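# Dropping a prediction and its sequence here:
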Protein chains: 2
Amino acid sequence: MLGHLDPAFLALLPEIVAMLRAVYGLSEGVTLPLQATGMSGMEMGLLSLTEPGDVVIVANAGFFGNRIAQLAARHGARVVEVTSPWGEVVPPEALLEALDAHPEARLLAVVHAETSTGAQYPLEELGAALSGRETLLFADCVTSLATVALAVSEWGVDFAYSCTQKGLSAPPGMSPVAFSERGLRRARSCPRPVPFSFDIELLLDYWVKRPAAYHHTAPILQIYALHEALRCILVEGLEARWARHEAAGRHLRTALQERGLTLLANPAYQLPHITVVRVPEGIDGKRIQQRLLEEHGIEVGGGLGPHAPPMWRIGLMGVNASVEVAGRVIAAFDAVLADEHAHARSSLEEPGSIIREH
Amino acid sequence: MLGHLDPAFLALLPEIVAMLRAVYGLSEGVTLPLQATGMSGMEMGLLSLTEPGDVVIVANAGFFGNRIAQLAARHGARVVEVTSPWGEVVPPEALLEALDAHPEARLLAVVHAETSTGAQYPLEELGAALSGRETLLFADCVTSLATVALAVSEWGVDFAYSCTQKGLSAPPGMSPVAFSERGLRRARSCPRPVPFSFDIELLLDYWVKRPAAYHHTAPILQIYALHEALRCILVEGLEARWARHEAAGRHLRTALQERGLTLLANPAYQLPHITVVRVPEGIDGKRIQQRLLEEHGIEVGGGLGPHAPPMWRIGLMGVNASVEVAGRVIAAFDAVLADEHAHARSSLEEPGSIIREH
């Protein structure tokens, strides 16, 4: 482990920035990994780009859309929520209508990959429709970066944030953020006293300006891991990586549907790498999750938050995005569900046995 | 690597909290490691405990005292700075005078171990003097946690923050924070919309409340490392650890002074584990740092910020706090300085040689 001002360590930083530019599809603006959680990336964007009283339009069709709305309101925005049921996306036309009703809106926020439902937002289409408007496009890319097609600059995204532990397949601990030139200008002119921890100007002084200005002590090992993860992504190639996620997810969903299971997301907006399965009637979803974890070493998510219907959330991301891993998930579900059915049958038979005892 | 909601992983969190309580000397109040930089720990405290217009008294005798003042002002505090020259500490009496002039002050902030100068603040004495006052005691413990005696509750500290990479000897990446009960009550009643990322109530819902409520994805590997680092500290014993830091630092300073080098800090307030040496006249301090790093693999710090006099900052912390490592540092300085002197002599002779050529 080197020191955070060691020349050999500092040499990694511009390489990470250059690789992040490629992975985000950033041809203008700036990017760097914030040393904080993905949620802090979301918060950095809201604090950097809005001031109290600003109108923020939020597409809310799941847990993370809802969280953007909550955080924007927490920091004083007048939030206009446009909602759709979980599993759907808020149609771009509905967002444009909201924007016509609030042309002064500072931000329009969407979740590119809504982890809580498995739905993918048509971000490119929305970006094109917003062309020529003053409102900034704010995109949660926590689960979409390096898993599905993304071209921040070409699509007109002004602020994007992500994490290290999903598509990038590094350990959790940092939040890569990206600002367009327009987003950066807004951040620079924003009158709110943004936290020092989230001040893009000061962070650029460490990450990009040379000689580097001390801001904080960088998380050395996270940065080694992120550097290597980004290198692996670019060696594989972004399009190959997206295709791998697509193939793995398709294999999984076909097998699940063959077994009569129902998916939550509208098929038109199904994410390749996040498959959300409705828990069938009469089955204890949490018990199945626990058995998958304990007996098969496979962690499947449940519903996020109080509004979630009973669900299993299966992510095949990064190194796990393969047909082989999808097959292991299916085999584990088969084993656990078959055993549960057998138990259910035997416990149905028991009352009869008890009657026979009498 | 486990998932951040895996039961086996969640079981580590209360163990970390319990170990942090012991290391901080916390018999009431709460502690947890923030997933962010030490600077974010500082900022969390200021945002959680103050609101715009509050008076904050800051003892400023170095880079980090100055940074507290800057961050407090950034967030709207009316900052009363009480300064002393670098290497000194602001006398507790001077702070009490400032407090008498501003009895409404919300916080009184000091840096327990001023990394930029090597001076240790008499925190216990100050805490005792503040007894019975309403003003909260805010202490930067970034470099003091697990290196020098610290008893947050007994000494009356209301908010403390630290980092993982110094006395704890884990990789950089988290900031353990501690609130007294009184500090926590203040945070709970503070009208400012603290960032979601820094909201102690929400963080406690993940770290302490069970079942854990999702707040963010925890940095799994950092947490494994922190768990192990804390365990090692408690196995060694805090008093043994403090004594080890004291012995290593004393060995280093004796040897440096035998070589005619001068220390920056007032000896009455010398930190055991941070030794700041004034660069002698006529020597290029940065060049020596570079040679120590390149030729001996030893990183010595320079002055922090534009107000720092030319200095070498030598930290012997965590696993490096040993007489043996102190000896390696001395040997490296000896080698580099002897070589520099030899070069300086030979280049002084050169003009004579040139004259002889003519």
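That came through, no problem.
# Could you use CA atoms for every contact and neighbour count after this?
Fine.
# where along chain A do the helices fall?
A:7-10, A:12-24, A:38-49, A:63-74, A:92-101, A:123-130, A:152-155, A:181-189, A:200-207, A:220-236, A:238-258, A:285-296, A:323-357 (DSSP state H).
# Look at residue A:216 and say how many residues are nearby.
17 (other C-alpha atoms under 10 Å in any protein chain shown).
# quick one, what contacts it?
B:37-39 (C-alpha atoms under 8 Å, 6 or more residues apart in numbering or on different chains).
# Those into TSV, with extra columns for distance to residue B:98 and neighbour count?
Listed next are these as TSV, based on distance: C-alpha to C-alpha, whole Å; neighbours: other C-alpha atoms under 10 Å in any protein chain shown:
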residue	distance to residue B:98	neighbour count
B:37	30	25
B:38	27	29
B:39	25	23
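# Pick the most deeply packed of the helices of chain A.
helix A:38-49 (a mean of 25; mean count of other C-alpha atoms under 10 Å in any protein chain shown).
# Is residue A:329 in contact with residue A:298, as I believe?
Yes - counting by C-alpha atoms under 8 Å, residue A:329 does reach residue A:298; the two are 7.3 Å apart.
# if we can go back for a sec, from the contacts of residue A:216, list the ones also adjacent to chain A.
B:37-39 (C-alpha under 8 Å from any C-alpha of the partner chain).
# As a markdown table, the residues you listed with pLDDT and distance to residue A:264 would be great.
Shown next, in a markdown table, are the ones next to chain A among the contacts of residue A:216 (pLDDT from 0 to 100; distance: C-alpha to C-alpha, whole Å):
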| residue | pLDDT | distance to residue A:264 |
| --- | --- | --- |
| B:37 | 92 | 38 |
| B:38 | 93 | 41 |
| B:39 | 95 | 42 |
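# what sits against the residue in the stretch 1-150 of chain A that chain B sits nearest to?
Nearest residue of the stretch 1-150 of chain A to chain B, counting by C-alpha to the nearest C-alpha: residue A:36, 4.9 Å away. By C-alpha under 8 Å, 6+ apart, residue A:36 lies in contact with A:173-175, B:35-37.
# For it, report the pLDDT, please.
pLDDT for residue A:36: 94.
# what does chain A put close to chain B?
Proximity of chain A to chain B is confined to A:3, A:6, A:35-40, A:43, A:71, A:74-75, A:171-173, A:193, A:195-197, A:216-221, A:299 under the rule C-alpha under 8 Å from any C-alpha.
# if we go to 6 Å?
When proximity is defined as C-alpha under 6 Å from any C-alpha of the partner chain, chain A approaches chain B at A:35-36, A:40, A:172-173, A:197, A:219.
# Need the helices of chain A in CSV (columns: distance to residue B:303).
Below are the helices of chain A laid out as CSV (distance: least, C-alpha to C-alpha, whole Å):
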stretch, distance to residue B:303
helix A:7-10, 17
helix A:12-24, 23
helix A:38-49, 30
helix A:63-74, 39
helix A:92-101, 52
helix A:123-130, 47
helix A:152-155, 40
helix A:181-189, 29
helix A:200-207, 17
helix A:220-236, 21
helix A:238-258, 43
helix A:285-296, 51
helix A:323-357, 52
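# Tell me which residues touch residue A:34, please.
A:174-176 (C-alpha atoms under 6 Å, 6 or more residues apart in numbering or on different chains).
# make it 10 Å
A:40-41, A:44, A:161-163, A:173-177, A:197-200, A:203, A:207, A:218, B:36 (C-alpha atoms under 10 Å, 6 or more residues apart in numbering or on different chains).
# Spatially nearest residue to residue A:6 (excluding sequence neighbours)?
residue B:299 (7.9 Å; C-alpha to C-alpha, 6 or more residues apart in numbering or on different chains).
# wait, doesn't the one you found sit right on residue A:5?
Yes - with contacts counted by C-alpha atoms under 10 Å, residue B:299 reaches residue A:5, the gap being 9.3 Å.
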